[in-house]
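> return atomic coordinates for the entry below.
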Amino acid sequence: MNKKLKNFLAVTGAVTVAAAAVYGLNVLDEKKDKKRYPQSGRMVEVRGKKMHVYSCGTGANTVVLIPGQGTPTPSLDFKPLIDALAEQYKVVVPEPFGYGYSDKTNEPRTVQNVVDEMREGLRKAGFFPPYVLSAHAMGGIATLYWAAHYPREVAAVVGIDTALPAQAAAQACSCSCMMRLQAFLRKITPVRMLVKAGMLDGSIKNYTGGQDDLMPIVRSHVANLKTSNTEANEQAVMQQNCEEVAGLNYPSSCPVLMLVASESCDKVKADPACTIDWMAEHEKIAMYAKVGKCVLLEGGHYLHHTAADAIAAEIMAFVPAEEEQKPVLRSFLKK
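Model prediction:
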């Protein structure tokens, strides 16, 4: 046998064995982490998979918090806002598949699938509509679809610096194949251990909800996310999802509160390639509703970390805790 070929086969074999060993260690460590960091909410079966539904507090109204794309552990990310709301409301966080403690899935991440999965998860966890839907960033795409298609389930909507369909569609890119390749390579390399050792702490600090003691759990879930196809699958249908809701409005009878981050306004204004007026576009969304309000809050995109008390105060004023909210459906009942 040719010496070069023999050496090539030897190196290939060694690399394959090493990759298989690392893959096995990553799988084993992920299983151990599930025992190290058990969920604090309920696990319910949705479409053959397990979904984590975290809840806290009591009250006449159920506030459902919906995360943005790439949030590794939504139930921890929203912690400051949950704490600020829990004395007055039932606060529920259904973690979408692929995030937090919920199972991974290969189901297309269309906005319809994501919304219907959360609707089923909430019901199976014992939380029934109507809901006050409160979403951050790309979660606003889900709330728009939800309220437009299932208006009887939505008592009010609160947007926390939500994405705009036109803006998000413009930023969508077709790099899902590369993301899938990266996810595969991370499974057979020590990336998981590096993440857990703190390699990405600077970029994932936002996801701890301001509580550094939660960093080990967030690191674990980031490592899980980096080795799954969740983000790639979401990226593949991002433009489709944005186009799906681009022509929709919240029902005019649905109260809408838009909370906008001052730093997001400044960032969009400073971008020469962007022609969107961030504040004005959110004001338009609120103005369409019979009961609508748009508020500028000081802070960055993660308002629910730095301005949780201010958000809670706005929600309490807009959706009084002592008054049970029900959707106003006169316009729908006439049809």
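> surely H304 meets P80?
Yes: the criterion here is Cβ atoms under 8 Å, and H304 meets it with P80 at 6.4 Å. All C-beta atoms are positioned from the backbone trio N, CA, C, and that covers glycine.
> tell me which of those two has more neighbours.
Between H304 and P80, H304 has the larger neighbour count (other Cβ atoms under 10 Å), namely 26 against 21.
> look up phi and psi at the more buried one.
H304 has phi and psi values of phi -70, psi -10 when expressed as degrees, to the nearest 10.
> and the longest helix for the chain?
Using DSSP state H to assign secondary structure, the helix with the most residues in the chain is helix 3-36.
> and it, what's buried?
When burial is assessed from 16 or more other Cβ atoms under 10 Å, helix 3-36 yields the following buried residues: 22-23, 26, 33.
> other SSEs contacting that helix?
Counting contacts by 3 or more Cβ pairs under 8 Å, 6 or more residues apart in numbering; DSSP states H and E, helix 3-36 is packed against helix 191-196, helix 215-226.
> which stretches in the stretch 151-300 of the chain count as helices?
Per DSSP state H, counting those that start in this stretch, the stretch 151-300 of the chain carries helices over the ranges 165-171, 176-187, 191-196, 201-204, 215-226, 230-236, 238-246, 262-270, 278-288.
> what about the fourth one, distance to the chain center?
Here helix 201-204 is found 17 Å from its chain centre; the criterion is Cα atoms, centre = their mean, to the nearest Å.
> heads up, I number from 55, so please use that
Okay, residue one is now 55; in that scheme the one you just asked about reads as helix 255-258.
> what packs against that helix?
helix 269-280.
> tilt between the helix it packs on and helix 57-90?
Here helix 269-280 points in a direction 130 degrees away from that of helix 57-90 (axes from the mean of the first three to the mean of the last three Cα atoms, to 10 degrees).
> list the buried residues of helix 269-280.
Buried-residue list, helix 269-280, by 16+ other Cβ under 10 Å: 269, 271-280.
> can you redo those as CSV with distance to E335 and pLDDT?
CSV is the format used below for the buried residues of helix 269-280 (distance: Cβ to Cβ, whole Å; pLDDT from 0 to 100):
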residue, distance to E335, pLDDT
M269, 35, 91
I271, 35, 91
V272, 31, 92
R273, 35, 90
S274, 37, 91
H275, 32, 91
V276, 31, 89
A277, 36, 88
N278, 34, 86
L279, 29, 81
K280, 32, 77
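> pLDDT score assigned to the closest residue to I271 other than its chain neighbours?
Distances taken as Cβ to Cβ, 6 or more residues apart in numbering put Y91 closest to I271, at 4.7 Å, once the chain neighbours are dropped. What the model reports as pLDDT for Y91 is 88.
> about what we covered before: and the longest helix of the chain, how far out from the chain middle?
On Cα atoms, centre = their mean, the centre of helix 57-90 falls 32 Å from that of its chain.
> now do stretch 350-357
17 Å.
> follow-up on the earlier one: which of the helices and strands packed on helix 57-90 sits closest to A367?
For those, proximity to A367 was assessed by Cβ to Cβ; helix 269-280 is nearest, at 27.1 Å.
> that closest one versus helix 230-241: what angle between them?
Angle of helix 269-280 versus helix 230-241, following the same axes, to 10 degrees, is 130 degrees.
> now for helix 269-280, which elements pack on it?
helix 57-90, helix 245-250, helix 255-258.
> in stretch 175-192, what counts as buried?
175-176, 178-179, 181, 183-192.
> looking at this, R163 is in a strand?
No: assigned with DSSP: H, G, I helix; E, B strand; the rest coil, R163 falls outside any strand and is coil.
> now it: how far from N287?
To N287, R163 is 5 Å away according to Cβ to Cβ, to the nearest Å.
> at the geometric centre of this structure, which residue sits there?
P121 (2.7 Å; Cα atoms, centre = their mean).
> roughly how far does the closest residue to that residue other than its chain neighbours sit from Q236?
Of all residues not flanking P121 in the chain, P128 sits nearest, at 3.9 Å (Cβ to Cβ, 6+ apart). Distance, P128 to Q236, by Cβ to Cβ: 23 Å.
> repeat for T116
Distance of T116 to Q236, computed by Cβ to Cβ: 38 Å.
> low pLDDT regions in the stretch 205-354 of the chain?
Residue ranges of the stretch 205-354 of the chain with pLDDT under 70: 222-230.
> per-residue confidence at the residue nearest to R101 when sequence neighbours are not counted?
Closest residue in space to R101, ignoring its immediate chain neighbours: E171 at 6.6 Å, by Cβ to Cβ, 6+ apart. pLDDT for E171: 98.
> state the helix or strand in which E171 lies.
E171 belongs to helix 165-178 when assigned by DSSP states H and E.
> give me the residues contacting that helix.
98-101, 105, 107, 118, 120, 146, 148, 150-151, 161, 182, 185, 195-196, 199-200, 203-204, 207, 295, 298-299 (Cβ atoms under 8 Å, 6 or more residues apart in numbering).
> show me the contacts for the residue nearest to P121.
Contacts of P128 (Cβ under 8 Å, 6+ apart): 108, 119, 121, 147, 149-150, 153-154.
> for A343, see how far away E337 is.
11 Å.
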